[in-house]
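Undergrad: Predicted model follows, preceded by the sequence.
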Amino acid sequence: MSKSAYGEKAAAGPSFRRTWDVEEYAQKAKEKDEKAREHAIKAEEAAKQGKRYKKKDDVPKPTELMKAREAPLNLDKDVGKTLLVSATTNKGQPGYFCETCNKVCKDSVGYLDHINGRNHLRRLGQTTKLHRSTLQEVRERIAMLREKSKKESDGKKYDFEKRLNDIRETEKEERRKKKEKKEAIKEQKRKEEEEKEKMDVDGEGEAMMGMMGFAGFGAAKKR
């Protein structure tokens, strides 16, 4: 059972207060003091020699030349999205986060400059010098690119006969729709002409009946 800050035993059950590993942080503090002592000794020795000591990051020495990135960066993958981040780490800050260096860049330009810079490459174990390709490597690269482009072009090919049949079916369907539309217009005009002729006949009949003195068949008006 753990103790509280006042020396009393803490109550059993889940605790929602943040806790720290005292031994772990003590070890980290000890390592930090040792590094600070080493830097102080080196600075003092450099001062005795009349030189200026510059503190360097504890990064491994590069063991290989700069390599080309194979995976895409996808800088626009989070555009228009809302992300929930934690404010307890550098990753919780807005911008582009570098997992290797534990650093946040404010924009994509700064992020590109960082990942192409000396400090980032040193943490990856690479130098800023490029590998000079041999003739065989260039030939292999060209052959690989040709094979890749061939596969992409083969994937875009289609059956010519099938394409022609699709075009014929599309044109046939368009002609059918145009024919139906014309027939519908003709039918509408025919109905309108029939209605007009019927109204003209009814009007002439009523006028003739009026001239002959016949009254309409409707109900007589009340006086």
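TA: On my side now, so go ahead.
Undergrad: what stretches of this protein score poorly on pLDDT?
TA: 1-16, 18, 53-60, 83-93, 154-160, 200-223 (pLDDT under 70).
Undergrad: so where's the longest helix in it?
TA: helix 160-212 (DSSP state H).
Undergrad: give me the number of residues near residue 161?
TA: 8 (other Cβ atoms under 10 Å). (Each C-beta comes from the backbone N, C-alpha and C, glycine too.)
Undergrad: who's in contact with it?
TA: Applying Cβ atoms under 8 Å, 6 or more residues apart in numbering, we find residue 161 in contact with no residue.
Undergrad: Okay, it and residue 168: tell me how far apart.
TA: Distance of residue 161 to residue 168, given as Cβ to Cβ, to the nearest Å: 11 Å.
Undergrad: Also residue 188?
TA: Counting by Cβ to Cβ, the gap from residue 188 to residue 168 is 31 Å.
Undergrad: pull the CA atoms of the helix or strand hosting residue 111 into PDB?
TA: According to DSSP states H and E, residue 111 maps onto helix 108-115. C-alpha atoms of helix 108-115 as PDB (Å, rounded to 0.1, in the frame of the first residue of the first chain):
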ATOM      1  CA  SER A 108       5.300  22.000 -44.600                       C
ATOM      2  CA  VAL A 109       8.200  24.100 -45.800                       C
ATOM      3  CA  GLY A 110       9.900  24.000 -42.500                       C
ATOM      4  CA  TYR A 111       9.200  20.300 -42.200                       C
ATOM      5  CA  LEU A 112      10.800  19.600 -45.600                       C
ATOM      6  CA  ASP A 113      13.800  21.700 -44.600                       C
ATOM      7  CA  HIS A 114      14.100  19.800 -41.300                       C
ATOM      8  CA  ILE A 115      13.900  16.200 -42.800                       C
END
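Undergrad: on contacts alone, who are the packing partners of that helix?
TA: Helices and strands touching helix 108-115, by 3 or more Cβ pairs under 8 Å, 6 or more residues apart in numbering; DSSP states H and E, are strand 96-98, strand 103-105.
Undergrad: and of these, who's closest to residue 129?
TA: Of all these, strand 96-98 sits nearest to residue 129, with 21.6 Å by Cβ to Cβ.
Undergrad: contact partners of the closest one?
TA: 75, 90-91, 103-108, 110-111, 114-115, 120.
Undergrad: Select the longest strand from the protein.
TA: Using DSSP state E to define each element, the chain has its longest strand at strand 126-130.
Undergrad: got the CA positions of that strand in CSV?
TA: Only the C-alpha atoms of strand 126-130 are listed here, as CSV (Å, rounded to 0.1, in the frame of the first residue of the first chain):
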residue,chain,number,x,y,z
GLN,A,126,23.1,9.1,-42.8
THR,A,127,25.4,11.8,-44.1
THR,A,128,24.6,14.7,-46.4
LYS,A,129,26.6,13.1,-49.2
LEU,A,130,24.8,11.3,-52.0
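Undergrad: Export whatever helix or strand comes next after it to PDB, keeping only CA atoms.
TA: Sequence order places helix 135-156 as the next helix or strand after strand 126-130, per DSSP H and E. The C-alpha trace of helix 135-156 is given here as PDB (Å, rounded to 0.1, in the frame of the first residue of the first chain):
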ATOM      1  CA  LEU A 135      26.400   2.200 -64.600                       C
ATOM      2  CA  GLN A 136      24.800  -1.200 -63.700                       C
ATOM      3  CA  GLU A 137      22.600   0.500 -61.000                       C
ATOM      4  CA  VAL A 138      21.400   3.000 -63.600                       C
ATOM      5  CA  ARG A 139      20.500   0.300 -66.100                       C
ATOM      6  CA  GLU A 140      18.700  -1.700 -63.400                       C
ATOM      7  CA  ARG A 141      16.800   1.400 -62.400                       C
ATOM      8  CA  ILE A 142      15.800   2.200 -66.000                       C
ATOM      9  CA  ALA A 143      14.600  -1.400 -66.500                       C
ATOM     10  CA  MET A 144      12.500  -1.300 -63.300                       C
ATOM     11  CA  LEU A 145      10.900   2.000 -64.400                       C
ATOM     12  CA  ARG A 146      10.100   0.600 -67.800                       C
ATOM     13  CA  GLU A 147       8.500  -2.500 -66.300                       C
ATOM     14  CA  LYS A 148       6.500  -0.300 -64.000                       C
ATOM     15  CA  SER A 149       5.200   1.900 -66.800                       C
ATOM     16  CA  LYS A 150       4.400  -1.200 -68.900                       C
ATOM     17  CA  LYS A 151       2.300  -2.700 -66.100                       C
ATOM     18  CA  GLU A 152       0.500   0.600 -65.700                       C
ATOM     19  CA  SER A 153      -0.200   0.900 -69.400                       C
ATOM     20  CA  ASP A 154      -1.400  -2.700 -69.600                       C
ATOM     21  CA  GLY A 155      -3.800  -2.000 -66.800                       C
ATOM     22  CA  LYS A 156      -5.400   0.900 -68.700                       C
END
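Undergrad: Done for today, thanks.
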